[in-house]
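**Student:** I'd like to go over a predicted model; first the sequence, then the structure.
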Amino acid sequence: MFTEIDLPLILMAAFIASASPGPATLAIAGTSMASGRASGLLLAFGITTGSLTWSVAAALGLGALMLANVWVFEVIRYFGAAYLLFLAYKSARSAFSSEDATVKPLSGRGATLFSKGLLLHITNPKAILFFGSLYSLGIPPGAAYGDLVIVIAAVGLQSVLVFHGYAILFSSKPMTRLYLKTRRWFEGIFAIAFGLAGVKVLATRIQ
């Protein structure tokens, strides 16, 4: 039964999503390799800002919606579970794929790289779907706005550590090659984690 905000579940799902290979991580990898650590960090800053934007929109929007209509929570909960299971399927398919991931460097300096990172995340429709699903899993109906601020801050800090950590990691070419070689193993782990999270949500009941 949902009686309080499940911050560990939210942070676990957010970490899996941000750490898994995707347009953002591959762009950070390519830019850090091609242009150095500073450029990678600027791009990561833009991506983190975009992530925070969607996070605030989803948290406040869902909070207000569920406060007015508690039944909406059940609908969103099932949608969230379905989306997590879909992510599990995509990760599993990628894990069994023989194709190698390719890094995608972005060019520019200063504000240009920041803007490209911001647009990369803001224009990704999957971002709002993910955050909407994510917050429906661990935030109960009627959650206080103060609690939502804590969740937003925690998820935001974790995103900073992950994306900026990737910029630092990928500025080392040997580490990047190692990551790309072990990508399929990581995808397999992500598939299992997403699947377990989806099943947990489906098995949970609210009163």
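**Tutor:** Done, it's in.
**Student:** quick one: average confidence on the strand or helix carrying Ile189?
**Tutor:** For Ile189, the host element (DSSP states H and E) is helix 183-203. Per-region confidence: helix 183-203 scores 74 on mean pLDDT.
**Student:** Just list what it packs against, helices and strands only.
**Tutor:** Packing partners of helix 183-203 (3 or more CB pairs under 8 Å, 6 or more residues apart in numbering; DSSP states H and E): helix 7-19, helix 71-96. (Glycine included, C-beta is placed from N, CA and C.)
**Student:** tell me the most buried of these?
**Tutor:** Each of the helices and strands packed on helix 183-203 was scored by mean neighbour count; the highest is helix 7-19, a mean of 19, by mean count of other CB atoms under 10 Å.
**Student:** Where is the longest helix in the chain?
**Tutor:** helix 37-68 (DSSP state H).
**Student:** average pLDDT across it?
**Tutor:** The model assigns helix 37-68 a mean pLDDT of 80.
**Student:** Show me which residues of that helix are buried.
**Tutor:** 37, 39-56, 58-59, 62-63, 65-66 (16 or more other CB atoms under 10 Å).
**Student:** Ok, stretch 166-184 next?
**Tutor:** So, applying 16+ other CB under 10 Å, buried residues of stretch 166-184: Tyr166, Ala167, Leu169, Phe170, Ser171, Thr176, Tyr179, Leu180, Arg183, Arg184.
**Student:** Pick the one among those residues closest to Ile150.
**Tutor:** Closest approach between the buried residues of stretch 166-184 and Ile150, by CB to CB: Tyr166, at 24.9 Å.
**Student:** rewinding a little: same list (the buried residues of stretch 166-184) but as JSON lines, adding secondary structure.
**Tutor:** Shown next, in JSON lines, are these (DSSP: H, G, I helix; E, B strand; the rest coil):
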{"residue": "Tyr166", "secondary structure": "helix"}
{"residue": "Ala167", "secondary structure": "helix"}
{"residue": "Leu169", "secondary structure": "helix"}
{"residue": "Phe170", "secondary structure": "helix"}
{"residue": "Ser171", "secondary structure": "coil"}
{"residue": "Thr176", "secondary structure": "helix"}
{"residue": "Tyr179", "secondary structure": "helix"}
{"residue": "Leu180", "secondary structure": "helix"}
{"residue": "Arg183", "secondary structure": "helix"}
{"residue": "Arg184", "secondary structure": "helix"}
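**Student:** Direction-wise, compare the helix holding Ile189 with helix 7-19 and give the angle.
**Tutor:** If you take axes from the mean of the first three to the mean of the last three CA atoms, to 10 degrees, helix 183-203 sits at 150 degrees to helix 7-19.
**Student:** Can you give the distance from helix 183-203 to the centre of its chain?
**Tutor:** Computed by CA atoms, centre = their mean, to the nearest Å, the chain-centroid distance of helix 183-203 equals 14 Å.
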